[in-house]
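Colleague: Need a 3D model of the following:
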Amino acid sequence: MKLVITDPAWESLDRAVAFMSERWSDTIIDRVVAELWDNVRVLLQFPGGGQVEEDLAFLGQGHRRIVVGHFKVIYFVAADTVYITDFFDSRQDPERMLP
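Modeller: Model prediction:
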């Protein structure tokens, strides 16, 4: 299984880290980001493990999500690749998750 993190996903993660940096210490931010990566690595072993993301069903790509703290890691699987499309901070308006 391969992993691809889309540009919009990287941008979401960057925005989230910037938001956290205004409120939390670097130690806490590092712990949150490490927990995200640990869970992303698990997806490579169990790509069907996340829940179906109903809000994105209209895209027809089988988007799924795993929840890690305040984050939804949004992804879909195609062939032998896991595509991470968003690191969505669930404290936001859910409408912001839609493309």
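Colleague: residue at max distance from the center of the chain?
Modeller: What lies farthest from the middle of the chain is S25; by Cα atoms, centre = their mean that is 21.7 Å.
Colleague: any idea whether the residue positioned nearest the centre of the chain is helix, strand or coil?
Modeller: Geometric centre of the chain, nearest residue: V73, 2.1 Å, by Cα atoms, centre = their mean. Assigned by DSSP: H, G, I helix; E, B strand; the rest coil, the conformation of V73 is strand.
Colleague: Quick one: residues contacting it.
Modeller: Contact analysis of V73 by Cβ atoms under 8 Å, 6 or more residues apart in numbering lists 36, 39-40, 43, 50, 65-67, 84, 86-88. For glycine as for every other residue, the C-beta is placed from the backbone atoms N, C-alpha and C.
Colleague: Selecting buried members of the residues you listed in PyMOL, what would you type?
Modeller: Selecting only the buried entries of these in PyMOL, with 16 or more other Cβ atoms under 10 Å as the criterion:
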select buried, resi 36+39+40+43+50+65+66+84+86+87+88
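Colleague: Most widely separated two among the contacts of V73?
Modeller: L43 and F88 (15.1 Å; Cβ to Cβ).
Colleague: Next, count neighbours for D38.
Modeller: Neighbours of D38 under the rule other Cβ atoms under 10 Å: 10.
Colleague: let me fix that: D80
Modeller: Neighbours of D80 under the rule other Cβ under 10 Å: 8.
Colleague: returning to what we had before: mind putting the contacts of V73 into a markdown table with distance to E11 and secondary structure?
Modeller: Formatted as a markdown table, the contacts of V73 follow (distance: Cβ to Cβ, whole Å; DSSP: H, G, I helix; E, B strand; the rest coil):
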| residue | distance to E11 | secondary structure |
| --- | --- | --- |
| L36 | 15 | helix |
| N39 | 19 | helix |
| V40 | 16 | helix |
| L43 | 20 | helix |
| G50 | 21 | coil |
| R65 | 18 | strand |
| I66 | 19 | strand |
| V67 | 20 | strand |
| I84 | 12 | strand |
| D86 | 9 | strand |
| F87 | 9 | strand |
| F88 | 12 | strand |
